[in-house]
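Engineer: Need a 3D model of the sequence below.
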Amino acid sequence: MDKLKKVLSGQDTEDRSGLSEVVEASSLSWGTRIKGFIACFAIGILCSLLGTVLLWVPRKGLHLFAVFYTFGNIASIGSTIFLMGPVKQLKRMFEPTRLIATIMVLLCFALTLCSAFWWHNKGLALIFCILQSLALTWYSLSFIPFARDAVKKCFAVCLA
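Structural biologist: Numbering: from 1, shown residues only. Below you'll find the predicted structure:
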């Protein structure tokens, strides 16, 4: 009500964009953000596990697996929106340091669903799910300082 009074009386002179109004309108308390993150992440894990179990259902198992596993991973990534906010999350996803990882994750999501629904190839769907997990791991490591370098060095030592 106070904001309305300021605007109508001409006291609110700052120029507001539509984006800043959306951000202010959707702000949540820190406790609510944590609860939303935990709930969304837990739903993501449950969907991924359910997808894995449903893989062995005759005839429709492949379709159910692809949908639930991919939706679970999307929900897990989406859970961080509660912590950072949607705009900041999208900006960080497409930063130059994690652009390739983001593209690989999104590509694996799409290829998993394509292999299940259009190509009807169970083996290919499993391969894309494995690649999806690897891409998500690499994407997640990009948020931890020097984690990618540590993994690269670890693999270099193990393979040498």
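
Engineer: Please count neighbours and contacts with C-alpha atoms only from this point.
Structural biologist: Will do.

Engineer: just the helices in this protein please.
Structural biologist: Listed from the start of the chain, the chain has helices (DSSP state H) covering 2-9, 18-25, 30-54, 61-78, 80-84, 86-93, 99-117, 122-141, 147-159.

Engineer: can you tell me which of the ones you listed the model trusts least?
Structural biologist: Mean pLDDT is lowest for helix 18-25 among these, at a mean of 48.

Engineer: follow-up on the earlier one: may I see the helices of the chain organised as CSV, with mean neighbour count added?
Structural biologist: Rendered in CSV, the data for those read as follows (neighbours: other CA atoms under 10 Å):
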stretch, mean neighbour count
helix 2-9, 10
helix 18-25, 10
helix 30-54, 18
helix 61-78, 23
helix 80-84, 18
helix 86-93, 14
helix 99-117, 20
helix 122-141, 19
helix 147-159, 11
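
Engineer: quick one, what contacts Phe37?
Structural biologist: Under the criterion of CA atoms under 8 Å, 6 or more residues apart in numbering, the contact partners of Phe37 comprise Ser79, Thr80, Ile81, Phe82, Leu83.
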